[in-house]
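**Q** I would like the atomic coordinates for the input below:
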Amino acid sequence: MSKPATLLELSCVGKQFGGLSALKDVSLHIKRGEIYGLIGPNGAGKTTLFNIITGLYQLSSGEFNFNGDSYQTTKSHLLAQAGIARTFQNIRLFSHLTALENVMIGRHAKTHAGVFGALLRNKTTRSEELDSTNRARDLLRYVGISKPSQTLAKNLSYGEQRRLEIARALATEPLLLALDEPAAGMNATETESLKALLQNIRATGITVMLIEHDVKLIMGLCDRVAVLDYGKKIAEGVPDEVRQNPAVIAAYLGAEDE
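**A** The predicted structure follows:
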């Protein structure tokens, strides 16, 4: 059976927190193998929508389909099994573990050794551990971390810590890599390097979704972009279309009162 062209689809999604409506009838679809950006002014609902997609929040209304199947984002720990991996705006590494160990934690979702295998150290367990170690080293090189793999995560530069988070997410072999403000705090050189990395990741067939305040990065990187404002989607399309959309211009710059 051929894979559906659309990897993720949200239909009329709403989210309420008590009496506050954070999202209202948001519909969007992300195509397999594209880089998709989500932008909007502060308080537009980007993070809420991102957290629904990545399992931290349950939707209040609407439907969520992923990889051709109806999907309920009720248990965030099942994300990796479903094929979704995410990073966070605030770096969440195990700072006192090595770079290698951080990535190997991401590989845990792809291993099968149980408690007895870990205790007995049988052949299968040893083989899995060696495979995870080699794969983790490959990912560290792939994302461009030059320091030795035994370097503690806390001793990496800020940009390398960002890349380490991406490596850990890639270790789960995701279909969708969801990035929360990946360029936050980066200088211009680091941002350009990140852009190249994400393009390389997309070239391997992994779909990428990101929310980001750096509109220049979004417009220069993404195949398509959606814009939220006050919990509603006000635009969606290729960057040039979105950039010229009057509703988007008004949301970011304000509109003159009639």
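**Q** number of nearby residues for the spatially closest residue to residue 215 that is not a sequence neighbour?
**A** Computed as CB to CB, 6 or more residues apart in numbering, the closest residue to residue 215 that is not its neighbour in sequence is residue 39, at 6.1 Å. To be clear about C-beta, it is placed using only N, CA and C from the backbone, and glycine gets the same treatment. For residue 39, the neighbour count with other CB atoms under 10 Å is 25.
**Q** once you drop chain neighbours, what's closest to residue 21?
**A** The shortest distance from residue 21 to any non-neighbouring residue, by CB to CB, 6+ apart, is to residue 231 (6.1 Å).
**Q** which of the three states applies to the residue sitting nearest the centre point of the chain?
**A** The residue lying closest to the centre of the chain (CA atoms, centre = their mean) is residue 178, at 1.1 Å. Assigned by DSSP: H, G, I helix; E, B strand; the rest coil, the conformation of residue 178 is strand.
**Q** list the contacts of the closest residue to it other than its chain neighbours.
**A** Excluding its sequence neighbours, the residue lying closest to residue 178 (CB to CB, 6+ apart) is residue 86, at 4.2 Å. Neighbour list for residue 86: 50, 54, 79, 169, 177-180 [criterion: CB atoms under 8 Å, 6 or more residues apart in numbering].
**Q** please name the residues that touch the residue nearest to residue 21.
**A** Applying CB under 8 Å, 6+ apart, one finds that residue 231 lies in contact with 21-24, 26, 44-45, 48.
**Q** let's see which of the residues you listed end up in strands.
**A** Judged by DSSP state E, the subset of the contacts of residue 231 located in strands is 21-24, 26.
**Q** reformat those as TSV; add neighbour count.
**A** Shown next, in TSV, are the ones in strands among the contacts of residue 231 (neighbours: other CB atoms under 10 Å):
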residue	neighbour count
21	16
22	20
23	27
24	18
26	22
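**Q** got the confidence number for the residue nearest to residue 178?
**A** pLDDT, residue 86: 92.
**Q** how close does it get to residue 18?
**A** For residue 86, the distance to residue 18 (CB to CB, to the nearest Å) stands at 26 Å.
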